[in-house]
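**Student:** just to be clear, the model below is a prediction. Sequence and coordinates:
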Amino acid sequence: MNEDGKTDSLGNVAEFSVSEISQALKRTVEDAFGHVRVRGEVSGYRGPHASGHCYFALKDERARLEAVIWRGTFSKLRFQPQEGLEVVATGKLSTYPGSSKYQIIIDAIEPAGAGALMALLEERKRKLAAEGLFAQERKRPLPFMPRVIGVVTSPTGAVIRDIIHRITDRFPVHVLVWPVRVQGETTGDEVSAAVAGFNALERDGPIPRPDLLIVARGGGSLEDLWGFNDEAVVRAVAASQIPVISAVGHETDWTLIDLAADRRAPTPTGAAEMAVPVKAELEADLARLAARLKAAISRDVERRRQGLRAVARALPSPDQLFALPRRRFDTELV
């Protein structure tokens, strides 16, 4: 009963502390949304915090969802958030009791479709081009006849077989293969490590240092080839002291590694053809040059021989030479 003699309808309502209600809400949200995929535009992204964690939001035209990527997860991301990029984030919903907020804790993030990938690609291309990594003056000539060729690709599949087969047919040389995954989240790290690893080999070490590198994989979609648009790959290829041929995808495909490499091949087989000349053609050229040289020497010898003959014909004969003093003596007596 209250002061007016009426029953207090709230007297039997359970009482919670602030912490208790916050924890109850947290459990409810996490149980209901244990694992979700959320599509939205990245908003407020400023890169990792000093702690290494990332804080931003996902938004659409009607709502906004706070997001966080913990430091350990961020270092393993295949894609990193960019302001204004539409993405699909995978993670779990949780609440932050300290400020009565709910948020998504992101485990993985990727651009939302090919359009978003192209936007990200163009932005990365502009950034790296501004640093001069695609400048023509950075390009190095390919060696005419490399002794050792390093190939960065998958150790299985048609690509490596095609490259080795074509090199063997044209001009057999020593081929070293650095095996990498050519698709997936680790592609960028593995390819960049392979390029740097070949460059780190000693020239006279137990493993010969290549004179030329080929980075290759077969064709695929933009998503399949995305590892070769990785910023680390572009920087590794641009920094390589060994000339690099990129042979990623088919002729119509292109990736950022193509812009950083010294030469781009339309296919992996085309890269092998760029790498070495045709031995039989070289031998034929040498034979033709040898024949021309021999003919030129023969002509020169004959020309000199004819010159000597002309000189010999102009000289007096032995009888004429012996007759000269007598004729002169007879003249003096008269």
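**Tutor:** Nice, thanks for sending it over. Numbers count the residues shown, from 1 in each chain.
**Student:** every contact and neighbour count from this point should use C-alpha atoms.
**Tutor:** Fine.
**Student:** middle-most residue in this structure, spatially?
**Tutor:** By C-alpha atoms, centre = their mean, the chain has its centre lying nearest to Ile257, at 3.4 Å.
**Student:** how about it, nearest residue that isn't a chain neighbour?
**Tutor:** Val234 (5.3 Å; C-alpha to C-alpha, 6 or more residues apart in numbering).
**Student:** same question, Pro48
**Tutor:** Cys54 (4.6 Å).
**Student:** how much space between that neighbour and Val180?
**Tutor:** 30 Å (C-alpha to C-alpha, to the nearest Å).
**Student:** on that earlier part again, next, the residue nearest to Pro48: phi, psi?
**Tutor:** phi -120, psi 130 (degrees, to the nearest 10).
**Student:** stretch 268-288 spans what distance, first to last residue?
**Tutor:** 32 Å.
**Student:** any buried residues in that stretch, and which?
**Tutor:** For stretch 268-288, the neighbour count (16 or more other C-alpha atoms under 10 Å) marks 268-277 as buried.
**Student:** quick one: it to chain centroid distance?
**Tutor:** Put simply, stretch 268-288 sits 26 Å off its chain's centre (C-alpha atoms, centre = their mean, to the nearest Å).
**Student:** next: stretch 161-168.
**Tutor:** 21 Å.
**Student:** over to stretch 283-296?
**Tutor:** On C-alpha atoms, centre = their mean, the centre of stretch 283-296 falls 42 Å from the chain's centre.
**Student:** please renumber so the chain begins at 302
**Tutor:** That works, and once the first residue is 302, the last one we named lands at stretch 584-597.
**Student:** which ones are touching the nearest residue to Ile508 once chain neighbours are set aside?
**Tutor:** Nearest non-adjacent residue to Ile508, counting by C-alpha to C-alpha, 6+ apart: Leu502, 7.1 Å away. With contact set as C-alpha atoms under 8 Å, 6 or more residues apart in numbering, Leu502 has these partners: 508-510.
**Student:** quick check: pLDDT value at Leu502.
**Tutor:** With respect to pLDDT, Leu502 scores 96.
**Student:** distance of it relative to Val481?
**Tutor:** 18 Å.
**Student:** what's the neighbour count on Arg604?
**Tutor:** Arg604 sits with 12 neighbouring residues when counted by other C-alpha atoms under 10 Å.
**Student:** element containing it, please.
**Tutor:** Using DSSP states H and E, Arg604 falls within helix 580-615.
**Student:** hang on, Val476 is in a strand, isn't it?
**Tutor:** Yes: under DSSP: H, G, I helix; E, B strand; the rest coil, Val476 falls within a strand.
**Student:** was I right to think it contacts Ile465?
**Tutor:** Yes: counting by C-alpha atoms under 8 Å, Ile465 is a contact partner of Val476 at 7.5 Å.
**Student:** quick one: mean pLDDT for the helix holding Arg604?
**Tutor:** According to the model, helix 580-615 has a mean pLDDT of 86.
**Student:** and it, how far from the chain's centre?
**Tutor:** 50 Å.
**Student:** show me where the stretch 402-551 of the chain has helices.
**Tutor:** 414-431, 459-471, 488-501, 532-540 (DSSP state H, counting those that start in this stretch).
**Student:** now the ones you listed as JSON lines including distance to Arg340 and mean neighbour count?
**Tutor:** Listed next are the helices of the stretch 402-551 of the chain as JSON lines, based on distance: least, C-alpha to C-alpha, whole Å; neighbours: other C-alpha atoms under 10 Å:
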{"stretch": "helix 414-431", "distance to Arg340": "11", "mean neighbour count": "14"}
{"stretch": "helix 459-471", "distance to Arg340": "36", "mean neighbour count": "18"}
{"stretch": "helix 488-501", "distance to Arg340": "25", "mean neighbour count": "20"}
{"stretch": "helix 532-540", "distance to Arg340": "25", "mean neighbour count": "21"}
